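In: any chance you could fold what I've pasted below:
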Amino acid sequence: MNVVVEEKAATAAPIWFDPKSGELHAVIAGIDRAIPPGSIADDDFESSSPVAGFSLGAGGAAMVCRYTYGTETWLLADMWLPGGF
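Out: Next up is the predicted model:
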């Protein structure tokens, strides 16, 4: 008998930026994960324009970084799991 186990991507809900702490927060599996945006490698961002906000994409499987000039970077929610960085 062959058993196939499908790995499920982490999903987040909700997501927000805390200007007081300077951290981006995402609730994943009921746990609030916080990450300073400065700890995300510059290579992960597709634009150097100012960030206008963050939202969820792909049913919560990605964090969408929206820039003031209309471009976006999609960051996988898996990055917020322990050992993701």
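In: from now on I want contacts and neighbour counts done on CA atoms only, so please keep to that.
Out: Will do.
In: how far away is residue 28 from residue 58?
Out: 14 Å (Cα to Cα, to the nearest Å).
In: now do the helices in the chain.
Out: Using DSSP state H, the chain contains no helices.
In: residue 28 and residue 58: which has the busier surroundings?
Out: residue 28 (20 against 12; other Cα atoms under 10 Å).
In: the more buried one pairs with what?
Out: Note on residue 28: beta-bridge partners by DSSP bridges are residue 12, residue 31.
In: hey, what's the residue most central in space within the chain bridged with?
Out: With distances taken as Cα atoms, centre = their mean, the residue of the chain nearest its centroid is residue 63 (3.4 Å). Residue 63 has these beta-bridge partners by DSSP bridges: residue 56, residue 75.
In: residue 14: how many residues sit nearby?
Out: The burial count for residue 14: 14, using other Cα under 10 Å.
In: that one reaches residue 30, doesn't it?
Out: No - with contact defined as Cα atoms under 8 Å, residue 14 does not count as touching residue 30 (10.1 Å).
In: in the chain, which spans are strands?
Out: For the chain, the strands defined by DSSP state E cover 12-18, 23-28, 31-35, 51-57, 62-67, 72-76.
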